[in-house]
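S.K.: Next one to model:
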Amino acid sequence: MKLVMAIIKPFKLDEVRDALTPLGVQGLTVTEVKGFGRQKGQTEIYRGAEYHVSFLPKLKIEVAVAADMVDAVVEAIAGAARTGKIGDGKIFVLDVERALRIRTGEADDQAL
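M.R.: Presented below is the predicted three-dimensional model:
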């Protein structure tokens, strides 16, 4: 089992969800986060004054999948989240040692 964690631009969430649904992904977790990468934030003008915004709003998506689905899930997220501009985000893949569905007691792949 793997945990695919992606940091994306907020307006790309619906496209990413729509790309994952046909793959059989049945659930995902979305968290509102702030951060910056190579772009180091941005400068905004508010009431005529410039402000440097160091942390930009992003969404973190977490999806637990079977190991054989990882490549398809990563490709779907990357394709749906890509704008071609700086700040599109990152995707990380982590190992999951164990999963348990609390309601039924199902474990590992069956719990996903």
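
S.K.: Quick check: next helix or strand after the helix of greatest length in the chain?
M.R.: Assignment by DSSP state H gives helix 70-81 as the longest helix of the chain. Going down the chain from helix 70-81, the next helix or strand is strand 89-95, by DSSP states H and E.

S.K.: What strands line up against that next one, and which way round?
M.R.: Counting by DSSP bridges, the strands paired with strand 89-95 are strand 2-8 (antiparallel).

S.K.: average model confidence for the partner strand?
M.R.: Mean pLDDT, taken over the full extent of strand 2-8, equals 97.

S.K.: can you offset everything so residue one is 7?
M.R.: Sounds good: first residue 7 from here, last item strand 8-14.

S.K.: Mind listing what's buried along stretch 7-22?
M.R.: 7-15, 18-19, 21-22 (16 or more other CB atoms under 10 Å). Quick note: C-beta positions are derived from backbone N, CA and C, even for glycine.

S.K.: Would you mind listing where this structure has pLDDT under the threshold?
M.R.: 45-52, 56-59 (pLDDT under 70).

S.K.: From the centre of it, give me the residue that's furthest out.
M.R.: Within the chain, Gly54 marks the point farthest from the mean C-alpha position, 34.6 Å out by CA atoms, centre = their mean.

S.K.: tell me the angle the strand ranked longest in the chain makes with strand 8-14.
M.R.: Ranked by residue count, the top strand of the chain under DSSP state E comes out as strand 62-71. Between strand 62-71 and strand 8-14, the angle comes out at 160 degrees (axes from the mean of the first three to the mean of the last three CA atoms, to 10 degrees).

S.K.: Which strands or helices does strand 62-71 pack on?
M.R.: Contacts defined by 3 or more CB pairs under 8 Å, 6 or more residues apart in numbering; DSSP states H and E place strand 62-71 against strand 8-14, helix 19-26, strand 35-41, helix 76-87.

S.K.: Okay, angle between the longest helix of the chain and helix 19-26 too, please.
M.R.: Going by the same axes, to 10 degrees, helix 76-87 makes 150 degrees with helix 19-26.

S.K.: Any chance you could list what contacts helix 76-87?
M.R.: Helix 76-87 is contacted by residues 8, 10, 12, 14-15, 18, 21-22, 24-26, 29, 31, 67, 69, 71, 94-95, 97, 99 when judged by CB atoms under 8 Å, 6 or more residues apart in numbering.
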